[in-house]
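K.L.:
my questions concern the predicted model and sequence given below.
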Amino acid sequence: MNEFLIMNVSASGMTAQRLRVDIISSNIANSETTRTDRGTPYRRRVPVFSEYLISDGKSASTGVKVVRIEEDPSPFRLVYDPSHPDADENGYVSLPNVNVLREMVDLISAQRSYEANISAFNTTKSMINSALQIGRG
């Protein structure tokens, strides 16, 4: 297998995880947003990954890509706060369906996946450099 193809696979994983981190950050930042442009509370967003074929003409492998970003359909959290401007007639405020603890766990997972791809990328790079050194000797 072509070493540069392996590097492309790792790079696709890093790109996907970087987007995942961006989405998680957005979810955390909006965890208290009660009104968006649509007039509803912020709805948690989740990336959907898919594999795709990476080819260099001679060999092929699969990488990962984000095919879409979906909204989490789980219900909003209801909190009793009659003084809030977005409270309903019963005094309840609909808050986003974002659980900050869950987002932090997802963030750690994304960071670890990103680091694993960096490690694979750097290992491949070291192997290429070692092969070049052997060729010079």
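P.N.:
Sure, I can see it. Numbering: from 1, shown residues only.
K.L.:
residues near Leu53, how many?
P.N.:
Using other Cβ atoms under 10 Å, Leu53 has 8 other residues around it. C-beta coordinates here come from the backbone N, C-alpha and C atoms, glycine included.
K.L.:
ok, Ser109 next?
P.N.:
Ser109: 13 neighbours (other Cβ under 10 Å).
K.L.:
quick check: phi and psi at it.
P.N.:
phi -60, psi -40 (degrees, to the nearest 10).
K.L.:
averaged pLDDT, stretch 72-91. What do you get?
P.N.:
For stretch 72-91, mean pLDDT is 96.
K.L.:
show residues contacting it.
P.N.:
34-35, 40-41, 43-46, 92-97 (Cβ atoms under 8 Å, 6 or more residues apart in numbering).
K.L.:
ok, now with 10 Å
P.N.:
By Cβ atoms under 10 Å, 6 or more residues apart in numbering, the surrounding residues in contact with stretch 72-91 are 27, 31, 34-35, 39-46, 92-99.
K.L.:
same check on stretch 129-137?
P.N.:
By Cβ under 10 Å, 6+ apart, the surrounding residues in contact with stretch 129-137 are Glu3.
K.L.:
of the contacts of stretch 72-91, just the buried ones, ChimeraX syntax please.
P.N.:
Those of those that count as buried under 16 or more other Cβ atoms under 10 Å are selected in ChimeraX with:
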select :27,31,34,41,42,43,44,45,92,93,94,95,96,97,98,99
